[in-house]
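# below: sequence and its predicted model.
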Amino acid sequence: MGPSGCGKSVLLKIVTGLIAPDEGEVVIDGENVTRTKGRTLDAIREHVGMIFQGNALFDSMDVGDNVAFAIKTIKGMTPEEIGRRVTEVLNMVKLGAIETKRIWELSGGMKKRVSIARAIIANPRILLTDDPTAGLDPVTSAAITDLLAADQKEIQ
Ligand SMILES: Nc1ncnc2c1ncn2[C@@H]1O[C@H](COP(=O)(O)OP(=O)(O)O)[C@@H](O)[C@H]1O
Ligand SMILES: [Mg+2]
């Protein structure tokens, strides 16, 4: 927690290995994220879900493909199984069947929910949320906070 510009986003990007710190290190489950690259880093990231401040959704893909992103490359999962899991996590974030919608058709609150669904689809052990209510109106902010608390309980 901290005021705007204090480095929350930078810290979370360092934790996920997206940027390298000038000093210090981050260790997750005994693995040094700050000195790791390639497959080892990918393996650590499999257990970490990240909800970006600006959502970082892919405009070129529809909602379903955005949400399925983390499990599409899992060997042995059929398209039907992937589709069912996408529906399941969309329900968890209280969104209906909006798989075929495009990202630009969504409101700010809906984008945040899609972003949460994408982050939790692969059952990460660690879920990082960067300023999840930034830029949202007070009512939507409260709804997103409640949703994260509810999902946290459900996932545990
Ligand atoms: N890659 C980077 N390396 C070092 N400093 C950075 C980097 N990206 C942003 N910063 C600096 O970090 C500060 C803001 O950090 P940020 O994490 O965006 O704040 P917030 O807490 O609002 O998320 C700014 O001073 C910015 O210039
Ligand atoms: Mg930030």
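All right, it came through fine. Residues are numbered from 1 along each chain as shown. Ligands and ions are numbered 1, 2, ... in the order given.
# ok, now which ones touch residue 110?
With contact set as CB atoms under 8 Å, 6 or more residues apart in numbering, residue 110 has these partners: 95, 98. In this view, the C-beta of every residue, glycine as well, is placed from N, C-alpha and C.
# confirm that it sits in a helix.
Yes. If the criterion is DSSP: H, G, I helix; E, B strand; the rest coil, then residue 110 is within a helix.
# for the residue minimising distance to the centre of the chain, what is the enclosing helix or strand?
Central residue check for the chain by CA atoms, centre = their mean: the C-alpha nearest the mean position is that of residue 119, 2.7 Å away. Applying DSSP states H and E as the criterion places residue 119 in helix 108-120.
# pull out the buried residues from that helix.
By 16 or more other CB atoms under 10 Å, the buried positions in helix 108-120 come out as 109-120.
# among these, which two are most distant?
109 and 120 (16.8 Å; CB to CB).
# after the helix holding residue 119, which helix or strand is next?
Beyond helix 108-120 in the direction of the C-terminus, DSSP H and E gives the next helix or strand as strand 126-129.
# pLDDT of that following strand, averaged?
The average pLDDT within strand 126-129 is 93.
# against which helices or strands is it packed?
Contacts of strand 126-129 with other secondary structure elements, assessed using 3 or more CB pairs under 8 Å, 6 or more residues apart in numbering; DSSP states H and E, are made with strand 48-51, helix 108-120, helix 138-155.
# okay, now the unreliable bits of this protein?
156 (pLDDT under 70).
# what parts of this structure come near ligand 2?
Along the chain, the residues adjacent to ligand 2 under the rule CB under 5 Å from the ion are 8-9, 53, 131.
# which of those count as buried?
The neighbour-count criterion (16+ other CB under 10 Å) marks 8-9, 131 among these as buried.
# quick one: which of the residues you listed is nearest to ligand 2?
Taking CB to the ion as the measure, ligand 2 sits nearest to residue 9 out of these, at 3.2 Å.
# which parts of the helix or strand where that closest one lies are buried?
Residue 9 belongs to helix 8-15 when elements are defined using DSSP H and E. Along helix 8-15, the positions that meet the burial threshold by neighbour count (16+ other CB under 10 Å) are 8-9, 11-15.
# quick check: angle from the helix holding residue 119 to helix 138-155?
In this structure, helix 108-120 runs at an angle of 20 degrees to helix 138-155, with axes from the mean of the first three to the mean of the last three CA atoms, to 10 degrees as the basis.
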